[in-house]
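>>> Attaching a predicted model along with its sequence, questions to come.
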Amino acid sequence: MPSAPDTETPRTPKAPGSAPVVSVTGVRHSYGRGADAVTALGPLSLEIPAGEFLVLVGPSGCGKSTLLRLIAGFEQATEGAVEVFGERPEPGDQAGIVFQQPRLFPWRTVGDNVGLALKYAGVPRAERPERIAGLLARVGLADTAGRRVWQISGGQQQRVAIARALAGGKRLLLLDEPFAALDALTRERLQEDLRTVSAETGTTSVFVTHSVDEAVFLGTRAIVLTNRPGTVALDVPIDLPRTGADPDELRGLPAYAALRAEIGTAVREAAS
Ligand SMILES: Nc1ncnc2c1ncn2[C@@H]1O[C@H](COP(=O)(O)OP(=O)(O)OP(=O)(O)O)[C@@H](O)[C@H]1O
């Protein structure tokens, strides 16, 4: 993906010094009440420092999306505290979010979809076209601003969703299985491009996936959650080259295979 000029202005202040971007302290979360209550998560405590690409892996229903929703401010923890940039998270305030489905306006143009996010971020109308072009170039979609969303592929739509999430200039990106609905080849390309964008922008990210390979390829740290209610089964740094590495060479490194094995075993044990 070609490098684009850095046209975004961060609205969210960067965490000062070593303060974590996200801190989760003694969190438990349940859905419903009384006899019908489902405890989805916890007890769970973790900190996410600035610049980290944290990948959450674990068996189906272990609470990965719940944790993401708590960080996004869509849910409030039943117990404990979640802080993002030192504040209680509010939906749309601190983080850009990418879901499994792109959730774009299909009848509008690609540029309009990204432009709306810029508008909500308070970017003056006159500045938007240049910012839209910069964001689309960053996700490998230069010169598509005038196309309608229904005219582009699913993979391209997901790229637009990432551009839209970056448009707010947020320093935290939350991604909930964004590539799960894509074919294998498109998925691989998007993984490679997201890895590059992440290394270039240094955006702190939390990424939910079922794929151990995706976790090792994208993350700088992986957390495996146990079966519901999700607690930390494994918390491991992923110390692989972030820039300049050819994806195939990266996947061929002994350290890559070792991490895959370690995380894969933890996921299987968590599911049993
Ligand atoms: N709104 C809700 N009301 C009731 N229960 C819910 C709700 N959302 C999630 N749950 C339950 O909480 C548990 C955790 O769900 P969550 O979606 O966080 O898991 P997950 O690890 O993301 O799952 P998957 O990998 O299958 O997407 C599950 O048992 C789920 O059924």
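Structure received. Numbering: from 1, shown residues only.

>>> what about stretch 115-126, start to end distance?
11 Å (Cα to Cα, to the nearest Å).

>>> Please enumerate residues in contact with it?
Arg11, Gly92, Phe105, Glu127, Arg128, Arg131, Ile132, Arg164, Ala165, Ala167, Gly168, Gly169 (Cβ atoms under 8 Å, 6 or more residues apart in numbering). C-beta: built from backbone N, CA, C; applies to glycine.

>>> for stretch 256-265, same thing?
Residues outside stretch 256-265 that contact it (Cβ under 8 Å, 6+ apart): Val57, Val212, Asp213, Ala215, Val216, Ala222, Val224, Leu234, Val236, Ile238, Leu240, Leu250.

>>> Give the buried residues for that stretch.
Tyr256, Leu259, Arg260, Glu262, Ile263, Gly264 (16 or more other Cβ atoms under 10 Å).

>>> now the contacts of stretch 115-126 in CSV, with pLDDT?
Conversion of those to CSV gives the following (pLDDT from 0 to 100):
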residue, pLDDT
Arg11, 40
Gly92, 85
Phe105, 95
Glu127, 96
Arg128, 96
Arg131, 95
Ile132, 96
Arg164, 93
Ala165, 91
Ala167, 91
Gly168, 86
Gly169, 86
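
>>> Which one (most neighbours) among those?
Most neighbours among the contacts of stretch 115-126, by other Cβ atoms under 10 Å: Ala167, with 26 neighbours.

>>> Now do the contacts for that one.
Glu8, Gly96, Val114, Ala117, Leu118, Ala121, Arg131, Leu135.

>>> what are the phi and psi angles of it?
Here is the backbone geometry of Ala167 (degrees, to the nearest 10): phi -60, psi -30.

>>> Over to the residue nearest to it when sequence neighbours are not counted. Which of the three states is it?
Nearest non-adjacent residue to Ala167, counting by Cβ to Cβ, 6 or more residues apart in numbering: Ala117, 3.7 Å away. Three-state assignment for Ala117 (DSSP: H, G, I helix; E, B strand; the rest coil): helix.

>>> Now Pro178: closest residue in space, sequence neighbours ignored.
In space, Pro178 is closest to Val98, 4.6 Å off (Cβ to Cβ, 6+ apart).

>>> neighbours around the one you found, how many?
Residues lying near Val98 (other Cβ under 10 Å) number 24.

>>> quick one: it and Leu175 touch, right?
Yes. Using Cβ atoms under 8 Å, Val98 is in contact with Leu175, at 4.4 Å.

>>> list residues touching both of the two?
Ala165.

>>> Tell me if I am right that Gln101 is in a strand.
No. Using three-state DSSP, the secondary structure at Gln101 is coil, not a strand.

>>> residues contacting the nearest residue to it once chain neighbours are set aside?
Using Cβ to Cβ, 6+ apart and skipping the chain neighbours, the partner closest in space to Gln101 is Ala181 (6.7 Å). Applying Cβ under 8 Å, 6+ apart to Ala181 gives the contacts Gln100, Gln101, Gly154.

>>> Turn the residues you listed into TSV, columns for distance to the ligand and pLDDT.
As requested, the contacts of Ala181 are exported to TSV (distance: Cβ to the nearest ligand atom, whole Å; pLDDT from 0 to 100):
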residue	distance to the ligand	pLDDT
Gln100	9	89
Gln101	13	91
Gly154	19	92
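
>>> Give me the buried entries from these.
Gln100.

>>> okay if I get the contacts of Ala181 as CSV plus distance to Glu188?
Formatted as CSV, those follow (distance: Cβ to Cβ, whole Å):
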residue, distance to Glu188
Gln100, 17
Gln101, 20
Gly154, 14
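
>>> Can you tell me who Val82 pairs with across the strands?
Beta-bridge partners recorded for Val82 (DSSP bridges): Val24.

>>> Tell me which residues touch it, please.
Val22, Ser23, Val24, Thr25, Val27, Leu70, Ile71, Arg88, Pro89.

>>> Quick check on those residues: which are buried?
Val22, Ser23, Val24, Val27, Leu70, Ile71, Pro89.

>>> Among those residues, which ones are in strands?
Using DSSP state E, Val22, Ser23, Val24, Val27 are the members of those that sit in strands.

>>> ok, of the residues you listed, which one's closest to the ligand?
Among those, Val27 lies closest to the ligand (Cβ to the nearest ligand atom), at 12.6 Å.
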